[in-house]
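Chemist: Return a 3D structure for these sequence lines:
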Amino acid sequence: MRWYQDRLFPKLLDWATRPLYRDRQRLLQSASGRVLELGIGTGANLPLYGPDVSEIHGLEPEAAMLKLARHYASQHAARQPLHLLQGDARR
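Modeler: Next comes the predicted model:
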């Protein structure tokens, strides 16, 4: 098991990006149509998308992060269809 990548990094990432919350919220509220989020991480951006987003596709290379995103999505009712996939955008 990769302790740092699977356990510690997701928590550090969420903590480190909290100061950017308002900027992320403002940016994502203006998104529209079909969204592709590369590196969806823990899914922290999911509730920030505005009503003009018709569906969200999230790509994440790390299985542990994707598991957290799926859990987060299941706990928060999504307004849009959500498709999460493990993969590397470079491929």
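Chemist: which one is E60 nearest to, not counting chain neighbours?
Modeler: L66 (4.3 Å; C-beta to C-beta, 6 or more residues apart in numbering). For the C-beta atoms, the positions are set from N, CA and C on the backbone; glycine is no exception.
Chemist: For the top helix by length along the chain, give the mean pLDDT please.
Modeler: The helix spanning the most residues in the chain, taking DSSP state H as the definition, is helix 63-75. In this model, helix 63-75 has an average pLDDT of 90.
Chemist: let's number from 677 now, not from 1
Modeler: All right, first residue 677 from here; so that's helix 739-751.
Chemist: Mind giving me the packing neighbours of that helix?
Modeler: helix 685-693, strand 729-736, strand 758-762 (3 or more C-beta pairs under 8 Å, 6 or more residues apart in numbering; DSSP states H and E).
Chemist: returning to that earlier point: and the residue nearest to E736, how many neighbours does it have?
Modeler: 21 (other C-beta atoms under 10 Å).
Chemist: ok, it touching E713?
Modeler: No - with contact defined as C-beta atoms under 8 Å, L742 does not reach E713; the gap is 11.9 Å.
Chemist: I'd like the helices and strands packed on helix 739-751 written out as TSV, with mean pLDDT and distance to L722 added.
Modeler: Formatted as TSV, these follow (pLDDT from 0 to 100; distance: least, C-beta to C-beta, whole Å):
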stretch	mean pLDDT	distance to L722
helix 685-693	76	13
strand 729-736	96	7
strand 758-762	96	7
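Chemist: between these, which one is nearest to S708?
Modeler: Nearest to S708, of all the helices and strands packed on helix 739-751, is strand 729-736, at 6.3 Å by C-beta to C-beta.
Chemist: Can I get that closest one in CSV? Just the C-alpha atoms.
Modeler: The C-alpha trace of strand 729-736 is given here as CSV (Å, rounded to 0.1, in the frame of the first residue of the first chain):
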residue,chain,number,x,y,z
VAL,A,729,-23.5,22.2,-16.6
SER,A,730,-25.3,19.3,-18.2
GLU,A,731,-22.9,16.5,-17.2
ILE,A,732,-19.5,16.0,-15.7
HIS,A,733,-16.8,13.5,-16.7
GLY,A,734,-14.0,13.1,-14.2
LEU,A,735,-10.7,11.5,-14.9
GLU,A,736,-8.3,10.6,-12.1
